[in-house]
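> A structural model of the following input is requested.
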Amino acid sequence: MDVKHAILLLEDEKEAADMLANYLEMHNFEVLQAYDGKQAMEYITQRPDKIDMAILDIMVPAVNGMEICKRMRENPILASVPIIFLTAKDRESDEISGLEAGADDYIAKPASFKLIEARVKSLLRRQPARTSGWLHFRNIYLDNTNFEVQVDNQRVDLTHTEFRILELFLQQPNKVYTRQEILEHISDDQKFVFDRTVDVHVKNLRIKLGSAGEAIKTYRGTGYGMNREMAG
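Here you go, the predicted model:
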């Protein structure tokens, strides 16, 4: 395969997980290993754009695989990535429940690595290239293709200027922007924005983002940006 896809592997049996991860890595996949649901949730919330597909066990500590699947389907960036359940729960009703939860495939343990690899490649071949322009920081998601903002899966309506400011911050979340840099980003030949107007727009943006608004920080003497202490 020419493209190295990243697979989130949720498996609490460490020896089995490590063996499967090593096999997949030998066949040109990058593996993001999680031994419990809490680790898997960290990948989903902090690095969703890194995940190209997921292989999930169901019975794992902290957050079970069914819930992880549900959370992935609710995440704007991960909503369409392929998900395989790899589990010892092998009854027909378990498979039906897994597929109804949003999985694309269901493999009962024990299964050969070659079979798993074949299913993975089959799903990835059918997966269209990602074309969305989602940016994110913690629970804030911005789609600069469809001009949409979501917080905790709820749409947030912003003005054009507020959207542009948030887009600027999310493009480089580790950067602090001066008011002048923000002005240059949101101004054009037809509209001139005064320096202090930036403060008003940022204030309104924070209010509309609700509790997520605290992710936008004022850096005294410099300007504004995402709160780097909150970065995952």
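
> C-alpha from now on. contacts and neighbour counts both.
Will do.

> following the helix or strand of the chain with the lowest mean pLDDT, which helix or strand comes up?
Within the chain, no helix or strand scores below helix 92-100, which has a mean of 84 by mean pLDDT, DSSP states H and E. Once the chain leaves helix 92-100, the next helix or strand it forms, by DSSP states H and E, is strand 105-108.

> Show me which positions of the helix or strand harbouring residue 185 end up buried.
Element membership for residue 185 (DSSP H and E) is helix 179-186. Across helix 179-186, burial judged by 16 or more other Cα atoms under 10 Å covers 179, 182-183, 186.

> just checking, what packs against the helix or strand following that helix?
Using DSSP H and E, the next helix or strand after helix 179-186 towards the C-terminus is helix 197-209. For helix 197-209, the elements it packs on are helix 160-171, helix 179-186, judged by 3 or more Cα pairs under 8 Å, 6 or more residues apart in numbering; DSSP states H and E.

> Go ahead and measure how far the shortest one is from the middle of the chain.
For helix 179-186, the distance between its averaged C-alpha position and the chain's averaged C-alpha position is 28 Å (Cα atoms, centre = their mean, to the nearest Å).

> follow-up on the earlier one: can you name the two of the buried residues of helix 179-186 that sit furthest apart?
179 and 186 (10.6 Å; Cα to Cα).

> do you know how far the residue nearest to the spatial centre of the chain is from residue 169?
The centroid of the chain falls nearest to residue 48 when counting by Cα atoms, centre = their mean (2.3 Å). Distance, residue 48 to residue 169, using Cα to Cα, to the nearest Å: 18 Å.
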